[in-house]
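Participant: Generate a structure from the sequence data that follows.
(chains A, B, C and D)
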Number of protein chains: 2
Amino acid sequence: MKVNVAIVEDDKNYNQALKKIIDFQEDMICVAQFFNGTSALKELESLDPDVVLMDIQLQDASGIDLVFKLTETMSQTNFIMCTSFEDDDKIFTALRAGASGYLVKGEPMEKIIQSIQEAYKGGAPMSFAIAKRVLHHFHESKVQVQDLAALTPTEKEVLELLSEGLLYKEIADKKCVTIDTIKKHIGNIYRKLQVNNKIEAINKLNQNK
Amino acid sequence: MKVNVAIVEDDKNYNQALKKIIDFQEDMICVAQFFNGTSALKELESLDPDVVLMDIQLQDASGIDLVFKLTETMSQTNFIMCTSFEDDDKIFTALRAGASGYLVKGEPMEKIIQSIQEAYKGGAPMSFAIAKRVLHHFHESKVQVQDLAALTPTEKEVLELLSEGLLYKEIADKKCVTIDTIKKHIGNIYRKLQVNNKIEAINKLNQNK
DNA sequence: ATGAATATCACCCAAAAGGGTAATGGTTTG
DNA sequence: CAAACCATTACCCTTTTGGGTGATATTCAT
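Facilitator: Below you'll find the predicted structure:
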């Protein structure tokens, strides 16, 4: 059973090159080529391909918007974004919109083929440059403010539970202590973080996430 | 120039098996094996390996904490977490702590070797199961947008101010309306977002950021 | 071993938050 | 035009939160 691939790409040469290399593979076949967003939006759904290579910058639409709309109904299809740019915002917007992978143009053809396989299997194929940015997105959160470091383990735990939306009472039950103890802890947390209410404390916590 | 790899893994057999397969590669070498967290924490820094395979569950420490500490100074080293479990929280905590990759145990040896290469080159090697979860993390935000879309502009503004830590009274003053109006708006916000307090509402808001 | 930090519990009090009901005027839309 | 939605204000009531003070037991480091 071959992997069904569709291409949405307005550069005719690149589109054609992609089709050729895909059809050359034993285990995949290009079932459709689109050269603009409008026709892709109309016809992609009924084709139900396994993987779509989607250009981000089409003349008549944004590939990200297309993915956003199409993933609503095409839950079985994996979308791989292809782009010349590596704008941080676009990367995360695309992933949020429902894309499974993100390649910068100029990847060698083997990498693209490999990425189609990976997307088909449920992975998250990305160019190194993109993967690095996604990682960086997580790493950013690391910078621990001194304030937070001043909290005892119990206080950190209480703050964590507080940030999940639990009431004093619920935290007390969860930790099997009285509500007065929790109040005491929270009072200490506020003093150490120099804040006066939950929201401000949680904002301090979230700055580091 | 070979890729220098260190292993932190308390299962002696698995640790040994990893070393063997690594040393078997032409382009990499295992420069150190650690069987507990304490010694790894002490010695890893001076070894300055290119890649570290780090078990998450050590008897004497959490691999995540080790990575957190070690990445402070070892900015050139890429850490790949290895674990039997795929707890969502652990994945993101590990990535935030500074890990570059995340493998579940039981990956074939070729995948591990390939991941070391990928980490060395600055990529983000992950097991499919993990990649799926990271993607899911992004995709989650998509659903939320709908909920927020149900809010009127005024409600969105109030929620925004609320998330900054302002009291009802302060929001009322800022918008030059009475506190009762704000209470009404907030009541409507909670109903639309299906939550019961500030924190939960703000969490919904923040999930889309 | 003395003092500091931590975790625990208690009681009091005031402010803030949250839920309910009701009413008014404006806008939009079928 | 009527129905629906929106923004606004008011009043009532309960629960939750936040601040203050004080006390006890444990642990940990000087």
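Participant: From now on I want contacts and neighbour counts done on CA atoms only, so please keep to that.
Facilitator: Noted.
Participant: Against which helices or strands is the helix or strand harbouring residue A:136 packed?
Facilitator: Per DSSP states H and E, residue A:136 falls inside helix A:128-139. Here helix A:128-139 touches strand A:101-104, helix B:88-97, going by 3 or more CA pairs under 8 Å, 6 or more residues apart in numbering or on different chains; DSSP states H and E.
Participant: Just the buried positions in the last one, please.
Facilitator: Along helix B:88-97, the positions that meet the burial threshold by neighbour count (16 or more other CA atoms under 10 Å in any protein chain shown) are B:91, B:92, B:93, B:94, B:95, B:96, B:97.
Participant: Lowest mean pLDDT across the helices and strands packed on helix A:128-139, which one is that?
Facilitator: For these, the bottom mean pLDDT is recorded on helix B:88-97, which sits at a mean of 83.
Participant: Please see if it touches chain A.
Facilitator: Yes. On the criterion CA under 8 Å from any CA of the partner chain, helix B:88-97 is in touch with chain A at B:92, B:95, B:96, B:97.
Participant: could you say what helices and strands that helix packs with?
Facilitator: With contacts taken as 3+ CA pairs under 8 Å, 6+ apart, helix B:88-97 sits against helix A:128-139, helix B:63-73.
Participant: What angle do helix B:88-97 and the first one make with each other?
Facilitator: Yep, that's helix A:128-139 we're talking about. Put simply, helix A:128-139 runs at 100 degrees to helix B:88-97, going by axes from the mean of the first three to the mean of the last three CA atoms, to 10 degrees.
Participant: Same check on the shortest one?
Facilitator: Helix B:63-73 and helix B:88-97 are oriented at 10 degrees to each other (the same axes, to 10 degrees).
Participant: Mean pLDDT and mean neighbour count added to the helices and strands packed on helix B:88-97, as a markdown table?
Facilitator: Formatted as a markdown table, those follow (pLDDT from 0 to 100; neighbours: other CA atoms under 10 Å in any protein chain shown):
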| stretch | mean pLDDT | mean neighbour count |
| --- | --- | --- |
| helix A:128-139 | 82 | 19 |
| helix B:63-73 | 86 | 18 |
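Participant: do you know which of the ones you listed lies nearest residue A:32?
Facilitator: helix A:128-139 (26.6 Å; CA to CA).
Participant: Check the offset of the closest one from the chain's centre.
Facilitator: 11 Å (CA atoms, centre = their mean, to the nearest Å).
Participant: Which residues does the strand or helix carrying residue A:188 contact?
Facilitator: According to DSSP H and E, residue A:188 maps onto helix A:179-193. Residues from elsewhere that reach helix A:179-193, judged by CA atoms under 8 Å, 6 or more residues apart in numbering or on different chains: A:147-148, A:150-151, A:155, A:158-159, A:168-169, A:171-172, A:196-197, A:201, A:204.
Participant: was I right about residue A:35 contacting residue A:8?
Facilitator: Yes. Residue A:35 lies in contact with residue A:8 (CA atoms under 8 Å); the separation is 5.9 Å.
Participant: Overlap of the contact sets of those two?
Facilitator: residue A:15.
Participant: can you tell me which of the contacts of helix A:179-193 are in helices?
Facilitator: Counting by DSSP state H, the contacts of helix A:179-193 place A:147, A:148, A:155, A:158, A:159, A:168, A:169, A:171, A:172, A:201, A:204 in helices.
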